[in-house]
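Student: A predicted structure for the sequence below; I have some questions about it.
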Amino acid sequence: MSGGTEIPVRVAKVTPVAERIKRFRFERLDGKPMPYFSGGAHVIVSMNDEAHVRRNAYSLMSPPHDCSAYEISVLRVEESRGGSAFMHDKVREGDELKVSYPVNFFQPDWRGRKHLLIAGGIGITPFIAMMEQFSREGANFELHYAVRSLDQGAYCRELVEQYGSQRVKIYCDSDRNFIPVSRLLESQPLGTHLYVCGPAGMIDGVLKTGIQAGWPEQNLHSERFLSSQPGKPFSIVLTRSGKTVHVGHHESMLEAIEAAGVDAPYLCRGGACGQCETGVAVCDGKLLHNDVYLNDEEKASDRKVMICVSRFEGSALHLDL
(Lines give C-alpha, C1' and ligand atoms only; values in the text may rest on other atoms or scores of the structure.)
Protein backbone atom coordinates (compact mmCIF):
# COMPACT_ATOMS: atom_id res chain seq x y z
CA MET A 1 0.00 0.00 0.00
CA SER A 2 1.27 3.45 -0.87
CA GLY A 3 -1.65 5.23 0.67
CA GLY A 4 -3.85 2.70 -1.10
CA THR A 5 -7.61 2.84 -0.92
CA GLU A 6 -8.83 4.58 2.20
CA ILE A 7 -12.26 4.29 3.80
CA PRO A 8 -14.07 7.52 4.71
CA VAL A 9 -15.42 7.14 8.25
CA ARG A 10 -17.35 9.12 10.83
CA VAL A 11 -16.25 9.25 14.46
CA ALA A 12 -19.29 7.64 16.04
CA LYS A 13 -18.09 7.74 19.64
CA VAL A 14 -15.18 9.03 21.73
CA THR A 15 -14.76 7.49 25.17
CA PRO A 16 -12.20 8.42 27.86
CA VAL A 17 -10.81 5.10 29.08
CA ALA A 18 -7.98 5.90 31.49
CA GLU A 19 -5.49 8.66 32.15
CA ARG A 20 -4.31 9.94 28.71
CA ILE A 21 -6.17 7.16 26.84
CA LYS A 22 -9.28 7.54 24.67
CA ARG A 23 -11.21 5.02 22.62
CA PHE A 24 -12.53 6.00 19.17
CA ARG A 25 -15.27 4.21 17.24
CA PHE A 26 -15.34 4.63 13.45
CA GLU A 27 -18.30 3.86 11.20
CA ARG A 28 -18.30 4.01 7.39
CA LEU A 29 -19.87 7.08 5.83
CA ASP A 30 -21.57 4.92 3.19
CA GLY A 31 -23.18 2.70 5.82
CA LYS A 32 -21.54 -0.49 4.52
CA PRO A 33 -19.81 -3.03 6.78
CA MET A 34 -16.15 -2.56 7.53
CA PRO A 35 -13.71 -5.05 5.93
CA TYR A 36 -13.12 -8.21 7.95
CA PHE A 37 -9.93 -8.36 10.03
CA SER A 38 -8.22 -10.81 12.36
CA GLY A 39 -6.91 -10.23 15.87
CA GLY A 40 -3.61 -8.34 15.86
CA ALA A 41 -4.46 -6.21 12.79
CA HIS A 42 -3.95 -2.46 12.54
CA VAL A 43 -5.16 0.42 10.38
CA ILE A 44 -3.57 3.70 9.37
CA VAL A 45 -5.66 6.71 10.42
CA SER A 46 -5.26 9.80 8.20
CA MET A 47 -5.73 13.16 9.94
CA ASN A 48 -5.92 16.52 8.19
CA ASP A 49 -4.20 18.78 10.70
CA GLU A 50 -4.44 22.17 9.00
CA ALA A 51 -1.89 22.04 6.15
CA HIS A 52 -0.34 18.78 7.34
CA VAL A 53 -1.67 15.24 6.76
CA ARG A 54 -0.74 12.94 9.60
CA ARG A 55 -0.93 9.16 9.25
CA ASN A 56 -0.56 6.96 12.31
CA ALA A 57 -0.95 3.21 12.80
CA TYR A 58 -3.32 1.97 15.50
CA SER A 59 -4.22 -1.59 16.48
CA LEU A 60 -7.84 -2.60 15.99
CA MET A 61 -9.44 -3.63 19.27
CA SER A 62 -13.07 -4.16 18.30
CA PRO A 63 -14.35 -7.77 17.97
CA PRO A 64 -13.05 -9.17 14.65
CA HIS A 65 -16.42 -10.76 13.89
CA ASP A 66 -18.26 -7.43 14.24
CA CYS A 67 -17.92 -5.47 11.00
CA SER A 68 -20.31 -2.68 12.00
CA ALA A 69 -17.41 -0.44 13.09
CA TYR A 70 -13.73 -0.29 13.97
CA GLU A 71 -12.44 0.75 17.38
CA ILE A 72 -8.98 1.92 18.40
CA SER A 73 -7.47 3.29 21.60
CA VAL A 74 -5.02 6.18 21.54
CA LEU A 75 -2.50 7.10 24.23
CA ARG A 76 -1.69 10.79 24.35
CA VAL A 77 2.08 10.65 24.04
CA GLU A 78 4.25 13.17 25.83
CA GLU A 79 6.12 15.32 23.30
CA SER A 80 3.81 13.98 20.60
CA ARG A 81 4.84 14.65 16.99
CA GLY A 82 1.21 15.51 16.39
CA GLY A 83 -0.83 12.37 15.83
CA SER A 84 -1.87 11.46 19.36
CA ALA A 85 -2.29 15.12 20.32
CA PHE A 86 -4.54 15.63 17.27
CA MET A 87 -6.69 12.62 18.16
CA HIS A 88 -7.05 13.72 21.78
CA ASP A 89 -7.42 17.47 21.34
CA LYS A 90 -9.14 17.92 17.98
CA VAL A 91 -11.19 14.83 17.11
CA ARG A 92 -14.83 14.96 18.20
CA GLU A 93 -17.86 12.75 17.70
CA GLY A 94 -19.31 13.40 14.24
CA ASP A 95 -15.95 14.32 12.67
CA GLU A 96 -14.90 12.64 9.44
CA LEU A 97 -11.56 10.89 8.95
CA LYS A 98 -10.12 8.22 6.68
CA VAL A 99 -8.73 4.82 7.64
CA SER A 100 -6.81 2.29 5.60
CA TYR A 101 -7.84 -1.28 5.01
CA PRO A 102 -6.60 -3.50 7.86
CA VAL A 103 -3.15 -5.09 7.73
CA ASN A 104 -1.92 -7.79 10.11
CA PHE A 105 1.73 -8.46 10.98
CA PHE A 106 0.82 -9.87 14.41
CA GLN A 107 -1.51 -12.75 13.61
CA PRO A 108 -2.00 -15.59 16.10
CA ASP A 109 -0.38 -18.86 15.12
CA TRP A 110 -3.34 -21.20 15.29
CA ARG A 111 -1.03 -24.23 15.51
CA GLY A 112 -0.22 -23.21 19.09
CA ARG A 113 -1.51 -25.51 21.83
CA LYS A 114 -1.59 -22.48 24.11
CA HIS A 115 -1.23 -18.71 23.59
CA LEU A 116 0.65 -16.69 26.22
CA LEU A 117 0.07 -12.94 25.89
CA ILE A 118 2.31 -10.35 27.60
CA ALA A 119 1.25 -6.69 27.36
CA GLY A 120 2.63 -3.43 28.68
CA GLY A 121 0.60 -0.20 28.78
CA ILE A 122 -1.14 0.69 25.52
CA GLY A 123 0.32 -2.54 24.09
CA ILE A 124 -2.85 -4.17 25.37
CA THR A 125 -4.86 -3.00 22.35
CA PRO A 126 -4.02 -5.75 19.78
CA PHE A 127 -4.65 -8.39 22.43
CA ILE A 128 -8.23 -7.26 23.06
CA ALA A 129 -9.32 -8.32 19.57
CA MET A 130 -7.03 -11.35 19.71
CA MET A 131 -8.56 -12.61 22.96
CA GLU A 132 -12.05 -12.16 21.57
CA GLN A 133 -11.05 -14.39 18.67
CA PHE A 134 -9.33 -16.95 20.91
CA SER A 135 -12.43 -17.12 23.11
CA ARG A 136 -14.80 -17.65 20.18
CA GLU A 137 -12.53 -20.37 18.78
CA GLY A 138 -12.17 -22.12 22.15
CA ALA A 139 -8.38 -21.63 22.16
CA ASN A 140 -6.31 -21.89 25.33
CA PHE A 141 -4.84 -18.49 26.26
CA GLU A 142 -3.80 -16.31 29.18
CA LEU A 143 -2.88 -12.65 29.48
CA HIS A 144 -0.26 -11.03 31.71
CA TYR A 145 -0.73 -7.26 31.60
CA ALA A 146 1.63 -4.71 33.20
CA VAL A 147 0.47 -1.14 33.93
CA ARG A 148 2.05 1.72 35.83
CA SER A 149 -1.00 2.01 38.06
CA LEU A 150 -4.65 1.01 37.84
CA ASP A 151 -5.77 4.54 36.94
CA GLN A 152 -3.33 4.53 33.99
CA GLY A 153 -4.19 1.00 32.86
CA ALA A 154 -6.77 0.65 30.12
CA TYR A 155 -9.39 -2.11 30.31
CA CYS A 156 -7.97 -3.88 33.39
CA ARG A 157 -11.30 -4.36 35.15
CA GLU A 158 -13.21 -5.15 31.95
CA LEU A 159 -10.78 -7.88 30.88
CA VAL A 160 -10.79 -9.58 34.28
CA GLU A 161 -14.59 -9.50 34.33
CA GLN A 162 -14.85 -10.89 30.81
CA TYR A 163 -12.26 -13.67 30.97
CA GLY A 164 -11.74 -14.30 34.69
CA SER A 165 -8.81 -13.82 37.04
CA GLN A 166 -7.31 -17.19 36.09
CA ARG A 167 -6.82 -16.08 32.51
CA VAL A 168 -6.08 -12.39 33.06
CA LYS A 169 -3.36 -11.28 35.47
CA ILE A 170 -2.77 -7.57 36.15
CA TYR A 171 0.55 -6.23 37.46
CA CYS A 172 1.03 -2.67 38.76
CA ASP A 173 4.43 -0.98 38.82
CA SER A 174 3.16 1.34 41.57
CA ASP A 175 2.68 -1.72 43.81
CA ARG A 176 6.10 -3.13 42.88
CA ASN A 177 4.25 -6.04 41.29
CA PHE A 178 5.98 -7.17 38.10
CA ILE A 179 5.37 -9.91 35.55
CA PRO A 180 7.51 -12.97 36.50
CA VAL A 181 8.64 -13.46 32.91
CA SER A 182 11.33 -16.09 33.55
CA ARG A 183 9.04 -18.26 35.67
CA LEU A 184 6.20 -17.92 33.18
CA LEU A 185 8.30 -18.93 30.22
CA GLU A 186 9.86 -21.87 31.99
CA SER A 187 6.49 -23.35 33.03
CA GLN A 188 4.56 -23.44 29.74
CA PRO A 189 3.56 -26.65 27.95
CA LEU A 190 5.29 -27.62 24.73
CA GLY A 191 3.67 -26.00 21.73
CA THR A 192 2.91 -22.71 23.51
CA HIS A 193 3.25 -19.52 21.45
CA LEU A 194 4.19 -16.25 23.12
CA TYR A 195 3.04 -12.80 21.99
CA VAL A 196 4.37 -9.54 23.45
CA CYS A 197 3.46 -5.91 22.78
CA GLY A 198 4.44 -2.85 24.79
CA PRO A 199 7.45 -0.60 25.37
CA ALA A 200 10.57 -1.50 23.38
CA GLY A 201 12.58 -2.42 26.49
CA MET A 202 9.86 -4.78 27.65
CA ILE A 203 9.61 -6.47 24.25
CA ASP A 204 13.40 -6.91 24.02
CA GLY A 205 13.56 -8.32 27.54
CA VAL A 206 10.75 -10.83 27.02
CA LEU A 207 12.14 -12.06 23.70
CA LYS A 208 15.65 -12.39 25.15
CA THR A 209 14.28 -14.35 28.10
CA GLY A 210 12.41 -16.63 25.70
CA ILE A 211 15.54 -17.40 23.67
CA GLN A 212 17.55 -18.01 26.83
CA ALA A 213 14.84 -20.38 28.08
CA GLY A 214 15.13 -22.41 24.89
CA TRP A 215 11.97 -21.30 23.12
CA PRO A 216 12.00 -21.77 19.32
CA GLU A 217 12.19 -18.38 17.62
CA GLN A 218 9.13 -19.22 15.52
CA ASN A 219 7.10 -19.45 18.75
CA LEU A 220 8.01 -15.91 19.82
CA HIS A 221 5.90 -13.10 18.33
CA SER A 222 6.09 -9.36 18.94
CA GLU A 223 4.67 -6.13 17.62
CA ARG A 224 6.15 -2.69 18.00
CA PHE A 225 5.35 0.53 16.21
CA LEU A 226 8.19 3.00 16.26
CA SER A 227 7.91 6.67 15.42
CA SER A 228 10.25 8.99 13.61
CA GLN A 229 12.40 10.80 16.15
CA PRO A 230 12.84 14.58 15.93
CA GLY A 231 16.21 15.81 14.73
CA LYS A 232 18.07 18.33 12.64
CA PRO A 233 16.32 19.35 9.39
CA PHE A 234 17.85 18.00 6.19
CA SER A 235 17.13 17.71 2.48
CA ILE A 236 16.72 14.70 0.17
CA VAL A 237 17.10 14.52 -3.59
CA LEU A 238 14.62 12.10 -5.18
CA THR A 239 16.43 10.78 -8.26
CA ARG A 240 13.45 9.40 -10.20
CA SER A 241 11.04 12.24 -9.35
CA GLY A 242 13.62 14.96 -9.87
CA LYS A 243 12.56 16.70 -6.66
CA THR A 244 14.46 18.04 -3.69
CA VAL A 245 12.50 17.51 -0.47
CA HIS A 246 13.11 19.29 2.84
CA VAL A 247 12.55 17.21 5.98
CA GLY A 248 11.66 19.28 9.02
CA HIS A 249 12.62 18.87 12.67
CA HIS A 250 9.44 16.95 13.63
CA GLU A 251 8.83 15.35 10.22
CA SER A 252 9.67 11.91 8.91
CA MET A 253 11.19 11.39 5.48
CA LEU A 254 8.02 9.59 4.42
CA GLU A 255 5.80 12.47 5.54
CA ALA A 256 7.95 15.03 3.73
CA ILE A 257 8.02 12.94 0.56
CA GLU A 258 4.23 12.56 0.63
CA ALA A 259 3.79 16.31 1.20
CA ALA A 260 5.90 16.89 -1.92
CA GLY A 261 3.37 14.91 -3.95
CA VAL A 262 5.42 11.74 -4.37
CA ASP A 263 3.66 8.42 -3.72
CA ALA A 264 5.89 6.24 -1.53
CA PRO A 265 4.98 2.73 -0.37
CA TYR A 266 4.15 1.93 3.26
CA LEU A 267 2.13 -0.44 5.41
CA CYS A 268 2.97 0.05 9.08
CA ARG A 269 4.72 3.46 9.15
CA GLY A 270 6.53 2.12 12.22
CA GLY A 271 9.81 0.68 10.96
CA ALA A 272 8.74 -2.95 11.20
CA CYS A 273 7.20 -4.23 7.97
CA GLY A 274 9.81 -3.40 5.31
CA GLN A 275 7.33 -2.00 2.80
CA CYS A 276 8.90 1.48 2.69
CA GLU A 277 12.45 0.18 2.16
CA THR A 278 14.08 2.64 -0.25
CA GLY A 279 17.31 2.42 -2.20
CA VAL A 280 20.03 4.96 -1.43
CA ALA A 281 21.85 6.34 -4.47
CA VAL A 282 24.13 8.84 -2.69
CA CYS A 283 24.91 9.09 1.02
CA ASP A 284 27.43 11.76 1.96
CA GLY A 285 26.89 11.70 5.70
CA LYS A 286 25.26 9.39 8.24
CA LEU A 287 21.94 7.57 8.04
CA LEU A 288 20.24 7.33 11.43
CA HIS A 289 18.44 3.99 11.16
CA ASN A 290 15.61 3.77 13.69
CA ASP A 291 13.85 0.70 12.29
CA VAL A 292 13.78 -2.92 13.45
CA TYR A 293 13.56 -4.37 9.94
CA LEU A 294 17.05 -3.96 8.44
CA ASN A 295 19.86 -6.03 9.93
CA ASP A 296 23.13 -4.51 11.11
CA GLU A 297 24.96 -5.32 7.86
CA GLU A 298 22.24 -3.70 5.76
CA LYS A 299 22.27 -0.59 7.93
CA ALA A 300 26.05 -0.31 7.71
CA SER A 301 26.00 -0.61 3.91
CA ASP A 302 24.19 2.76 3.44
CA ARG A 303 22.41 1.22 0.45
CA LYS A 304 18.86 1.20 1.81
CA VAL A 305 16.79 3.05 4.37
CA MET A 306 13.35 2.76 5.96
CA ILE A 307 11.97 6.21 5.24
CA CYS A 308 9.11 6.00 7.75
CA VAL A 309 11.29 6.29 10.87
CA SER A 310 14.91 6.99 9.90
CA ARG A 311 16.77 10.30 9.57
CA PHE A 312 19.98 11.66 8.06
CA GLU A 313 22.85 13.93 9.08
CA GLY A 314 25.27 15.12 6.43
CA SER A 315 25.64 17.04 3.20
CA ALA A 316 23.87 14.90 0.57
CA LEU A 317 21.28 12.12 0.51
CA HIS A 318 19.82 10.89 -2.81
CA LEU A 319 17.01 8.31 -2.75
CA ASP A 320 15.66 6.09 -5.51
CA LEU A 321 12.15 7.57 -5.58
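Tutor: Cool, the structure landed.

Student: which ones are touching the nearest residue to residue 307 once chain neighbours are set aside?
Tutor: In space, not counting the residues next to it along the chain, residue 307 is nearest to residue 253; the distance is 4.0 Å by Cβ to Cβ, 6 or more residues apart in numbering. Backbone N, C-alpha and C define where each C-beta goes, glycine included. Residues near residue 253 by Cβ atoms under 8 Å, 6 or more residues apart in numbering: 228, 236, 245, 247, 305, 307, 308, 310, 311, 312, 319.

Student: end to end, how far does stretch 104-115 reach?
Tutor: For stretch 104-115, the first and last residues are 17 Å from each other (Cα to Cα, to the nearest Å).

Student: can you list the residues that contact that stretch?
Tutor: So stretch 104-115 is contacted by 37-42, 59, 126, 130, 133-134, 137, 139-142, 188-193, 195, 197, 218-219, 221-223, 267-268, 272-273 (Cβ under 8 Å, 6+ apart).

Student: show me which of those are buried.
Tutor: The neighbour-count test (16 or more other Cβ atoms under 10 Å) applied to the contacts of stretch 104-115 identifies 37-42, 59, 126, 130, 133-134, 139, 141-142, 188, 192-193, 195, 197, 219, 221-223, 267-268, 272-273 as buried.

Student: any weak-confidence spans in the protein?
Tutor: When the per-residue scores of the chain are filtered using pLDDT under 70, the ranges that remain are 1-4, 79-81.

Student: show me it divided up by domain.
Tutor: Under the assignment automatic domain parsing, the domains of the chain span 6-100, 114-223, 234-319.

Student: how about CSV for those domains, with distance to residue 107 added?
Tutor: Formatted as CSV, the entries for the domains of the chain read as follows, by distance: least, Cβ to Cβ, whole Å:
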stretch, distance to residue 107
domain 6-100, 5
domain 114-223, 8
domain 234-319, 13
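
Student: which one is the residue positioned nearest the centre of the chain nearest to, not counting chain neighbours?
Tutor: Geometric centre of the chain, nearest residue: residue 225, 3.7 Å, by Cα atoms, centre = their mean. If the residues on either side of it in the chain are set aside, residue 225 comes closest to residue 270, at 3.4 Å by Cβ to Cβ, 6+ apart.
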